[in-house]
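Enquirer: Got a sequence here, can you model it:
(one chain, ligands or ions: 1)
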Amino acid sequence: MQKGAIKVTKAATSKLSTTDFNNLPFGKLFTDHMLIAEYKDGVWGDAEILPYGPLRFDPSLTTLHYGQSIFEGIKAYRMKDGSAAIFRPYENLKRFNKSAHRMAMPDVPEHLFIDGMKQLLNVDEKWIPSAEDHALYIRPFMFGTDEVIGVAPSSKYYFMIILSPVGPYFSNPLNIYVEEQFVRAAPGGVGYAKTAGNYAASLFPAKLAKEKGFDQILWMDANEHKFVQECGAMNVFFVMDGKLITPSLEAGTILDGITRKSVIDLAKSLGKTVEEREISIDELLEGYKKGSLTEAFGAGTAVTVSKIAGLQYKDTLISLDANNMPVADLIKKTMAEIKDGSIPDSFGWMVRTNA
Ligand SMILES: Cc1ncc(COP(=O)(O)O)c(C=O)c1O
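Expert: Down below sits the predicted model:
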């Protein structure tokens, strides 16, 4: 085997024939194989593709205690011509390494992240669904594997990729709770990093919101609880006076979403005015009263484009007509058409798995 080549050990049996592709609960089913590479003594070893299965670690595994763990979420799509393509994985690689830097972890090189992903997808090629709104969700992740108690960067890491066939994340327009008490991220913190602790910290507020009947939280800024940030698994967009507006990335408190940047590029190419800036809850309430706030939607890999029908802020419900959101509909439709190859990929977003 040449240096850098990926050794593949095939699973003895496949779960493919027993998987119901008409009923795919999000993130609960995994394909037959996984990719794994180890970093130690300051270098990455070769990646290996192995049958999907459990890992064994000592209870002192540093990640379990101090959370030095980052991840990405990407989707591979079945194109109309039968081939398979990944949506903008180089953007995820960039963001992964930004997260790694913030968490004092080593960079993951392109050959592990991109070539490893393509090879894993080729091994599990038959798992890429073809139904509308379906995809193979790709989860690259890295975590510290030192087996030692003590707050310090790990000296060893695993980089892994696992795959999960998925359908739509949400089936109905969303009901969102505007959070005023808890915060997700503050300037100088880790809000822009896709790191495990951000999600752990969101679980309790999200549980409370769910108990009140909401699908997701809309986080506000940490200082004044006045400026819109993002939701638990998606960036947010509003249509006000016909313009598409979304919170800017400057404060470093929200995730630089790849769907977000794609929505912005696409909307501009469709002739829409797009503004990335501060958005206060007062501006949204005012727009709602005047009737100039006409649409709201979330954008993310898992949720794609998900319309928001309700935003609860204190005693006020901003109620929007999800059946009348032409901008969200156009963006969702055009993105889906690029992803399945129905229209030309003029942005060069789709990366073929066999290229
Ligand atoms: C907190 C948060 N914001 C935004 C997003 C959307 O990012 P992307 O479009 O890159 O998936 C995600 C993705 O899962 C997320 O977890």
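Enquirer: Would you mind listing what in the stretch 1-150 of the chain touches the ligand?
Expert: residue 73 (Cβ under 6 Å from any ligand atom). Glycine gets a C-beta too; all of them are placed from N, C-alpha and C.
Enquirer: for the stretch 201-350 of the chain, same thing?
Expert: 230, 233-235, 255, 257-260, 300-302.
Enquirer: could the residues you listed go into a markdown table alongside neighbour count, secondary structure and pLDDT?
Expert: A markdown table is the format used below for those (neighbours: other Cβ atoms under 10 Å; DSSP: H, G, I helix; E, B strand; the rest coil; pLDDT from 0 to 100):
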| residue | neighbour count | secondary structure | pLDDT |
| --- | --- | --- | --- |
| 230 | 25 | strand | 98 |
| 233 | 20 | coil | 93 |
| 234 | 27 | coil | 97 |
| 235 | 25 | strand | 98 |
| 255 | 22 | coil | 98 |
| 257 | 24 | coil | 98 |
| 258 | 24 | helix | 98 |
| 259 | 24 | helix | 98 |
| 260 | 23 | helix | 98 |
| 300 | 22 | strand | 97 |
| 301 | 22 | coil | 96 |
| 302 | 19 | coil | 93 |
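Enquirer: Looking at those residues, which is nearest residue 190?
Expert: For residue 190, the nearest member of these is residue 255. The distance, counting by Cβ to Cβ, is 10.5 Å.
Enquirer: Surely residue 267 touches residue 274?
Expert: Yes. Applying Cβ atoms under 8 Å, one finds residue 267 in contact with residue 274, separated by 5.2 Å.
Enquirer: Which of those two has more residues huddled nearby?
Expert: Relative neighbour count places residue 267 above the other of residue 267 and residue 274, with 21 against 15, counting by other Cβ atoms under 10 Å.
Enquirer: Does the helix or strand harbouring that one pack against any helices or strands, and if so which?
Expert: Using DSSP states H and E, residue 267 sits in helix 258-269. Taking 3 or more Cβ pairs under 8 Å, 6 or more residues apart in numbering; DSSP states H and E as contact, the helices and strands that helix 258-269 lies on are helix 89-102, strand 235-240, strand 243-247, strand 274-277, strand 293-300, strand 304-313, helix 326-339.
Enquirer: so how far is that helix from its chain's centroid?
Expert: 15 Å (Cα atoms, centre = their mean, to the nearest Å).
Enquirer: which residues sit against it?
Expert: With Cβ atoms under 8 Å, 6 or more residues apart in numbering as the contact definition, helix 258-269 has outside contacts at 87-88, 91-92, 95, 234-235, 237, 244, 246, 274, 276, 299-301, 304-305, 327, 331, 334-335, 346-347, 349.
Enquirer: mind redoing it with 6 Å?
Expert: Contacts made with helix 258-269 from outside it, assessed by Cβ atoms under 6 Å, 6 or more residues apart in numbering, are listed as 88, 91, 235, 244, 274, 299-301, 331, 334.
Enquirer: from the stretch 1-150 of the chain, which residue is nearest to the ligand?
Expert: Using Cβ to the nearest ligand atom, the single residue of the stretch 1-150 of the chain nearest to the ligand is residue 73, 4.9 Å away.
Enquirer: Could you count how many residues lie near that residue?
Expert: For residue 73, which is what you asked about, the neighbour count (other Cβ under 10 Å) is 18.
Enquirer: show me the contacts for the residue nearest to it when sequence neighbours are not counted.
Expert: Leaving out its chain neighbours, the residue that sits closest to residue 73 by Cβ to Cβ, 6 or more residues apart in numbering is residue 301, at 4.5 Å. Under the criterion of Cβ under 6 Å, 6+ apart, the neighbours of residue 301 are 73, 75, 259.
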